[in-house]
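> how would this look folded up:
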Amino acid sequence: MRVESLREADIPACLDIYNQYVLHTSVSPEEQALTLAQYRQRVEEVLRAYPFIVARDAAGTVLGFAYLAAFNPRSAYRRSADLSIYVRADYLHAHVGSLLLMHIEELARAQGIANIISIITGSSERSCAFHEKNGFVLEGVIHEAAMKFGVLEDVRFYRKKL
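Below is the predicted model:
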């Protein structure tokens, strides 16, 4: 497995991974699958200021991706970034997420980011456990802040100081 910067040709594979989470889980607060044009626009926005990386197998297939984005657009928040990591469902126990996290943390440090923040829905226990295992601390919970599939969701804020 190797980690590389996102290529234009990777965008459809990343969208497929992301839309699986949108359509079948509460991991993403998105409620409708994104189109390729919508997703491409988001990727372009991320790449203006932040890294976007992918993990590939030996054949070059995208197994997961990670990127940073603005935690808040106001300038005083410039040393904090919002983290997103998504892994293909059939590779959830293959350490893809850990590999992506390690690489995105290196890129964040190089960019002068001091805090990585992950915003996680309360029912995403696997994601919460992953973050806690990797040194993130639960900083706060906003109860019933989101609704997906007709279920109210708490939103948890995790932070890792780099």
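> wouldn't residue 46 be in contact with residue 52 here?
Yes: the pair residue 46 / residue 52 is scored as a contact, 5.2 Å apart, by Cβ atoms under 8 Å. Backbone N, C-alpha and C define where each C-beta goes, glycine included.
> all strands of the protein, in order?
Using DSSP state E, the strands of the chain run over 2-5, 52-56, 62-70, 80-87, 115-121, 137-148, 151-161.
> could you provide these in TSV, with additional columns for distance to residue 109 and mean pLDDT?
What follows is the strands of the chain, written out as TSV (distance: least, Cβ to Cβ, whole Å; pLDDT from 0 to 100):
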stretch	distance to residue 109	mean pLDDT
strand 2-5	15	97
strand 52-56	14	98
strand 62-70	11	98
strand 80-87	11	98
strand 115-121	10	97
strand 137-148	18	96
strand 151-161	11	97
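> mind putting those in JSON lines, mean neighbour count included?
Listed next are the strands of the chain as JSON lines, based on neighbours: other Cβ atoms under 10 Å:
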{"stretch": "strand 2-5", "mean neighbour count": "14"}
{"stretch": "strand 52-56", "mean neighbour count": "23"}
{"stretch": "strand 62-70", "mean neighbour count": "22"}
{"stretch": "strand 80-87", "mean neighbour count": "21"}
{"stretch": "strand 115-121", "mean neighbour count": "20"}
{"stretch": "strand 137-148", "mean neighbour count": "12"}
{"stretch": "strand 151-161", "mean neighbour count": "16"}
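> CSV please, covering those and showing distance to residue 31.
Output for the strands of the chain, formatted as CSV (distance: least, Cβ to Cβ, whole Å):
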stretch, distance to residue 31
strand 2-5, 30
strand 52-56, 23
strand 62-70, 19
strand 80-87, 16
strand 115-121, 12
strand 137-148, 6
strand 151-161, 12
